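J.: no sequence on this one, just coordinates:
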């Protein structure tokens with residue numbers, strides 16, 4: 001039996017995100033980040049599913065690849081709380097997959 005798909009309503013801070021299908025609403029300007037764990041491009045975005053809206057962090061090549069209107073799947077990512085709002089990221093080991101629009105309902 002296949003478990004039901006994860007939704008934004010299921011997200012909890014500091015917990016993994018297994019497979020979360022989203023539609024990107026907005027992508028903010030990219031910036032270069034220099035840190036201990038990562039150096040490179042990063043951009044903030046926001047996305048939605050049928051249960052709500054969530055912040056989204058885009059890293060590296062995903063910054064230019066993902067655009068508003070794209071349907072995406074966050075695989076093996078993480079959820080964090082930032083300033084009282086939930087934010088989803090692929091983290092170190094996750095990935096973002098560009099989906100066909102009909103798969104995000």
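T.: Received, thanks. Model, not experiment: these values are computed from the prediction.

J.: now the strands for the chain?
T.: 15-27, 31-34, 39-49, 52-59, 71-82, 85-89, 95-99 (DSSP state E).

J.: residue 9 is nearest to which of those strands?
T.: Each of the strands of the chain has some distance to residue 9 by C-beta to C-beta; the shortest is strand 52-59, at 6.1 Å. Placement of C-beta: from N, CA and C, glycine included.

J.: give me the angle between the closest one and strand 95-99.
T.: For strand 52-59 against strand 95-99, the angle by axes from the mean of the first three to the mean of the last three C-alpha atoms, to 10 degrees is 120 degrees.

J.: strand 52-59 pairs with which strands?
T.: Strand pairing for strand 52-59, determined by DSSP bridges: strand 39-49 (antiparallel), strand 85-89 (parallel).

J.: please report phi then psi for residue 50.
T.: Dihedral pair for residue 50: phi -70, psi -20, per degrees, to the nearest 10.
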